[in-house]
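*Asks:* Fold the following and give me the result.
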Amino acid sequence: MITNDPVKFTRNEGLKTGNTVLAGTIAQTLANPEIDSFTQDDYEFLKFHGVYQQDDRDKRKVGKQFIMMVRTKFPGGTLTADQYLACDRLASTYGNNTLRITTRQDFQFHGVVKSNLRTTIKELNDTLITTIAACGDVNRNVMAPPTPATSAIVDQVLEQARKVSDALNPATKAYHKIWIEGQELDLNESENKEFVDPLYGKSYLPRKFKVGFAIPPLNDIDIFTNDVGFIAITEGDKLVGYNLIAGGGMGMSHGNAETFPRLADVLGFVRPEQLEAAAKAVLTIHRDFGDRTNRKHARLKYVLEEKGAKWCRLEVEKRLGAVLEEARPFKFTKQGDLLGWHQQTNGNHFLGLFVENGRIKDAEGYQLKSGLKKVLEQFPTEVRLTASQNLLLVNVKPEQKSGIEKILADHGVSVSNPFSSTRLASMACPALPTCGLSLAESERVLPAIITRFEKLLEEVGLKNEEIVIRMTGCPNGCARPYMAEIGFVGKAPGKYQVYVGGNESSTRLNRLYKESMKIDDLESELRPVFTRFLQERIGAERFGDWSARVLWNEIPPVPAKN
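*Replies:* The predicted model follows:
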């Protein structure tokens, strides 16, 4: 039946079009010391400024204690020693004395109270660190390969990632006015009252948008999980362009078949000079065709799923004003980071340090936060954050290596990263107690769960086996669990969906193996699976490949998408 009922847009769409500068009443709330939190409307506007308003869920029985999460924006995860030291200081002064590396190569500060929020963001900006568009219905941080030993073109790709990031930033003046100047934006001025963002328009994007760069054969940023991706194509040591991909994304909702993780489609090849225009073309396709009536169905991946890659390619060509060349051959063989000492292509060295679940902190006998602070005070090297939540010290001169090793050793940190290969390959989202979406634990429990895995693997004869294990407290997939060889996705306290079958190159989605598993039953549930794997594997076959070959035939088929 055809009706003339008006389209009902989501609440967020009304907020954005009603306040196109994204200022809300943030400045007024910051100026009022009598209140400790922002309104629900400002909760949404704050995201565009790089802030999530949260509360400590461990203390809810006493009452909501509001705290803020502040997220930086580091294209390619790169920052100077001075910027790192500023972040370290701010985490100690205004946060919970930890820095958390995100799975998109940013820092998150947890535990910032409202009275310290503006000071935190201003002091970040004083060291040329921004938080604008680190969250919200805009492009988020642009990811890029951080590891300088993998290719001579890494620095070139990082520079191009920075340019794309700048090109996709929103143009509102509210961020600078509120956080840098500490003033309220005058919404009666015509330029603010009638402001329309030149790229995003009046209503910005239907949901978030993510961009990444990768250099084969190392898929260290999970390139196919991005809304738009650029896969570097080289001839010898020369970068000739990029394969353009679009339509990836991780998040879904439990019990909602219209939502699902999806890998991006390869659309074609673009030259380096076409990068910004190609990124804007895909972004504006999301802007113009994304679902604004249902935020659970509002990502670009659903546009691609429903309209197809061929349609998207033609739409990109229309907006680009050029026909895309055919995609060039490429192959990914591995994901993850190079840890320990490695020589760079320029003769210097870099040190890759494992940071469990990305949390840089001091613990008894392992003072990673203090050790890194002292290293960077004495040896001001470049810092790079990885998509696997680890940290690289880059451009270390040969004569500096022993000094860095000694400082770290004095703080209980070994440059050899003496952990099991499965632990080194693990990732988790923050989840409880800060994330309001979390249904189950993740970061706080995964280290102990990995210890149980280590014991179980040793018991069945797989002691040195690397298995990529990722955990999230909800189905939004911030730690990209749907790419893991084993993925745990929170359903309820102590209960998780279990996914199996991701591959080493992170180019294949896994599949649901168990709808709900009590984490207390981990050994009894997985011992027979690992025993079978050891008996049935072919040669050095990985667990994810065996799972896809064997277990996928034993679980219900994936439902067809409408």
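
*Asks:* Quick check: phi and psi at the closest residue to residue 130 other than its chain neighbours.
*Replies:* Closest residue to residue 130 apart from its sequence neighbours, by CB to CB, 6 or more residues apart in numbering: residue 73 at 5.3 Å. Glycine gets a C-beta too; all of them are placed from N, C-alpha and C. Residue 73 adopts backbone torsions of phi -130, psi 100, taken as degrees, to the nearest 10.

*Asks:* Would you agree residue 392 falls within a strand?
*Replies:* Yes: under DSSP: H, G, I helix; E, B strand; the rest coil, residue 392 sits within a strand.

*Asks:* That one and residue 157, how far apart?
*Replies:* Going from residue 392 to residue 157 by CB to CB, to the nearest Å gives 15 Å.

*Asks:* For residue 233, grab phi and psi.
*Replies:* The phi/psi pair for residue 233 (degrees, to the nearest 10) is phi -120, psi 130.

*Asks:* Start the count at 21 instead of 1 going forward.
*Replies:* Got it, the first residue is 21 from now on, which makes the last one we talked about residue 253.

*Asks:* So for it, what's the nearest residue that isn't a sequence neighbour?
*Replies:* residue 348 (4.5 Å).

*Asks:* Quick check: pLDDT value at that neighbour.
*Replies:* Residue 348 is assigned a predicted lDDT (pLDDT) of 98.

*Asks:* isn't it right next to residue 263, touching?
*Replies:* Yes: here residue 348 reaches residue 263: they are 6.0 Å apart, a contact under CB atoms under 8 Å.

*Asks:* Of the two, which one has the most company?
*Replies:* More crowded of residue 348 and residue 263, by other CB atoms under 10 Å: residue 263, with 24 against 17.

*Asks:* tell me which element the more buried one falls in.
*Replies:* strand 258-266 (DSSP states H and E).

*Asks:* Going by neighbour count, which residues in stretch 73-85 are buried?
*Replies:* 73, 74, 75, 76, 77, 85 (16 or more other CB atoms under 10 Å).

*Asks:* for the residue nearest to residue 150, what are its contacts?
*Replies:* 70, 126, 149, 150, 151, 152, 153, 154, 160, 161, 185 (CB atoms under 8 Å, 6 or more residues apart in numbering).

*Asks:* quick one: the fifth one and residue 159, what's the gap?
*Replies:* Right, the one you point to is residue 151. Residue 151 is 14 Å from residue 159, by CB to CB.

*Asks:* between the two, which one's more packed in?
*Replies:* A count of neighbours by other CB under 10 Å puts residue 159 above the other of residue 151 and residue 159, at 27 against 23.

*Asks:* Which phi and psi values does that one adopt?
*Replies:* Main-chain dihedrals, residue 159, degrees, to the nearest 10: phi -70, psi 130.

*Asks:* okay, and the common contacts of residue 348 and residue 263?
*Replies:* By the contact definition CB under 8 Å, 6+ apart, residue 348 and residue 263 are jointly contacted by 253, 289.

*Asks:* hey, where'd the strands end up in the stretch 221-370 of the chain?
*Replies:* Ranges of strands within the stretch 221-370 of the chain are 231-234, 248-255, 258-266, 285-290, 360-363, 369-373, based on DSSP state E, counting those that start in this stretch.

*Asks:* and if you look at the stretch 471-582 of the chain?
*Replies:* Under DSSP E, counting those that start in this stretch, the stretch 471-582 of the chain gives strands at 489-492, 506-512, 515-520, 531-538.

*Asks:* ok, and what's touching stretch 535-547?
*Replies:* Contacts for stretch 535-547 (CB under 8 Å, 6+ apart): 465, 469, 472-473, 476, 479-480, 508, 511-512, 514-518, 534.

*Asks:* and the gap between residue 144 and residue 57?
*Replies:* 21 Å.

*Asks:* Disregarding flanking residues, what is the spatial nearest neighbour of residue 237?
*Replies:* Nearest to residue 237 is residue 353, by CB to CB, 6+ apart, at 4.2 Å.

*Asks:* how about the helix or strand of the chain with the lowest mean pLDDT as CSV, C-alpha atoms only?
*Replies:* Ranking every helix and strand in the chain by mean pLDDT, DSSP states H and E puts helix 210-213 at the bottom, with a mean of 91. The C-alpha trace of helix 210-213 is given here as CSV (Å, rounded to 0.1, in the frame of the first residue of the first chain):
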residue,chain,number,x,y,z
SER,A,210,24.6,35.3,10.3
GLU,A,211,27.7,33.1,9.5
ASN,A,212,26.7,30.9,12.4
LYS,A,213,23.0,31.1,12.2
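
*Asks:* How far away from the center of its chain is that helix?
*Replies:* Relative to its chain's centre, helix 210-213 lies at 34 Å (CA atoms, centre = their mean, to the nearest Å).

*Asks:* and what of stretch 545-558?
*Replies:* Put simply, stretch 545-558 sits 32 Å off its chain's centre (CA atoms, centre = their mean).

*Asks:* same question for that stretch, mean pLDDT?
*Replies:* Here the average pLDDT along stretch 545-558 is 98.

*Asks:* buried sites along it?
*Replies:* Buried residues in stretch 545-558 (16+ other CB under 10 Å): 546, 549, 550, 553, 557.

*Asks:* The first one and residue 540, how far apart?
*Replies:* Distance from residue 546 to residue 540, counting by CB to CB: 12 Å.
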